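In: predicted coordinates and the sequence they were generated for:
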Amino acid sequence: MNRIDSLAEEMLAQRSKQGHVMLRVANVEEALSVAQLLRETGQAQWFRGQTQNWPKLTPSLYRGSDADVTLVQQAMQRLERWATATPGLEELAASTDALVAVAQHYGVPTAFIDFSTDPRVAAYFASVHPKPPPIGTESCIFCLDINEAARIWGVRPKVDPEIVVLDVPNLWRLEAQSGGFVFCRYDDLNLPFPLDRIVFPYTGPVSAPSDAEIYPERESPLESLLNEYLQGESIIKGSVVFEEINRHLKVAPQTFTFAAPPVMNEYFLAPTAPHASWTGPNVGDWLKVTRQVWTNVQDPPKLSFDTKLNADLDAEEVRFERAVRAALQSDAGLRQSKIEFKITVEECDPKGIEGLSKAMQRVWDEMARLPWTDAEIALALSAVLKCFVLAQSLKLGSNLTSRELERKTMAGIFDNPIRVELGGSGNAHTWAWVEEDDLHAAVRPDFESLLRPEHRGQILGDTFNTLMVSRTPSLLFDFGKLSDLFAKQMIPTQAVFYPDHPLFPTPARVQVIGPE
């Protein structure tokens, strides 16, 4: 009998004698092997790893104070309001458990405790942590027999823990981690039914799986939209910190507001209605959130392209656009995948090239699942290449600030570049660059006739005033013309210059377009 079999036998003997097991092994690899054997023999089906073998198995919701619980409840209410208000997330908004699962995977404390059907995932979380414990700390893998647990926990419905198995569309973290949850109403899951655990000294990360296997590097349709909610949450946290600083410094309270309304009706002959182009039968297609399964987008096809910083930018833009179009024409199913862009730019540093690849992948991921044409996707990606290469060329040997570099880059691409702010639900926002004349060309053709005659002179042709009197895109722009502007200019510049902000891949999801 080998050591792993011997340990499994020891675990079975302990369980028969005392009802639950605390098995000590040499390291995380050995713990993983035992857990895998337990799964194979049907002794455990769910697993959970922790870098520290705390006495209690406590849901994150119960680890703080009552004040913390109140803040969590407020955060959950904001998440529910956001999901309800976001087109395409109706299925998510209708399920409280699904919302809690999303919150759990993005750091909001909940009454859910994470488990996995894959012992490898448990071994990862038992040995990988942003703040790893000292070497030798006792770590553990919990092993749960869900059949036995369901029998014991079923005695007191609405009191005992509950096993929660969810299928949350596009929550790739849940899929990647083969996740399930136990809903626990008190601060120690071990109280009614002590869980078996395998303990071992912490020695560092397990050999596999990798970080990317646990936390997918690409964004699903849901996770892309979640960027908007998470940006709003970060702003709220910043406000709380600011209030705390004010409280300690005892300065006069300050309120920061932007009072401009979505439309200034006093400048119009009558209340403005959305332009007819925004109410067509196909506009709703831009708001759909299609389901993509994580396992179907792994090991993506690759698209390679080589260029250099001193190349003819216009020629390279056309060459790359043709390469993307050719790839799309040769594979009808390419848009269902997550292309991995392998771009090399001679004389460009590796960090910059990594940023370019990520920008391209983000544009592809966002546009490929929407009703953009293949030609529009190719144009957007080639615009990303042009913006990036020009910025990198200007950066060499200069001491330009990031904002100066941004403006100088756009001045080299557009005759009259202007930066506009894009706003979504809540506090979600970013910026994009456009050619000023093209922005005016996208304004609805009847705009002049809607204005009061006495105001036309100060508004027409003035970008700032035009955007201020009607910041709601559907009231100001023709949807088709604005969409064309998004594909060629606004999506690419969002991706290149604002990688840490939400990306708006269609005007249909933008609630505000305002001046810088």
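Out: Okay, I see it.
In: tell me the contacts of residue 227?
Out: 219, 428, 501-503 (C-beta atoms under 8 Å, 6 or more residues apart in numbering). From N, CA and C alone the C-beta is placed, and that goes for glycine too.
In: so what's the residue nearest to residue 407 when sequence neighbours are not counted up against?
Out: Distances taken as C-beta to C-beta, 6 or more residues apart in numbering place residue 417 nearest to residue 407, at 7.5 Å, with adjacent residues excluded. Residue 417 makes contact with 407, 410-411, 433-436 under the criterion C-beta under 8 Å, 6+ apart.
In: now do 6 Å
Out: Residues in contact with residue 417, defined by C-beta atoms under 6 Å, 6 or more residues apart in numbering, are 410-411, 433.
In: which of those count as buried?
Out: 410, 433 (16 or more other C-beta atoms under 10 Å).
In: could I get the contacts of residue 417 as TSV with distance to residue 79?
Out: Below are the contacts of residue 417 laid out as TSV (distance: C-beta to C-beta, whole Å):
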residue	distance to residue 79
410	36
411	41
433	32
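In: list just the nearest of the contacts of residue 417 to residue 175.
Out: For the contacts of residue 417, the minimum distance to residue 175 (C-beta to C-beta) is 35.8 Å, reached by residue 433.
In: in this structure, which spans are strands?
Out: For the chain, applying DSSP state E gives strands covering 22-24, 46-50, 112-116, 138-144, 162-164, 179-183, 196-201, 302-308, 340-346, 417-423, 429-435, 512-515.
In: closest to residue 225 out of these?
Out: Of all the strands of the chain, strand 429-435 sits nearest to residue 225, with 13.6 Å by C-beta to C-beta.
In: ok now the closest one, how far from the chain's centre?
Out: Its chain's C-alpha centre and that of strand 429-435 lie 20 Å apart, by C-alpha atoms, centre = their mean, to the nearest Å.
In: any idea how far the closest residue to residue 495 other than its chain neighbours is from residue 221?
Out: Once flanking residues are discounted, residue 495 sits nearest to residue 359: 4.2 Å by C-beta to C-beta, 6+ apart. From residue 359 across to residue 221, the span is 18 Å (C-beta to C-beta, to the nearest Å).
In: neighbour count winner among those two?
Out: Legend: neighbour count by other C-beta atoms under 10 Å for residue 359 and residue 221, higher for residue 359 (25 against 21).
In: return the residues in contact with the more buried one.
Out: Contacts for residue 359 (C-beta under 6 Å, 6+ apart) come out as 384, 495-496.
In: just these: which are in helices?
Out: Counting by DSSP state H, the part of those found in helices is 384, 495-496.
In: just for the chain, where's the confidence low?
Out: Residue ranges of the chain with pLDDT under 70: 1, 16-19, 66-67, 237-260.
In: center of it, which residue is that?
Out: In the chain, the centroid-proximal residue (C-alpha atoms, centre = their mean) is residue 223; its distance is 3.5 Å.
In: from residue 294, how far out is that one?
Out: 11 Å.
In: how is the protein divided into domains?
Out: Domain ranges of the chain: 3-59+111-214, 260-284+413-516, 290-397, per automatic domain parsing.
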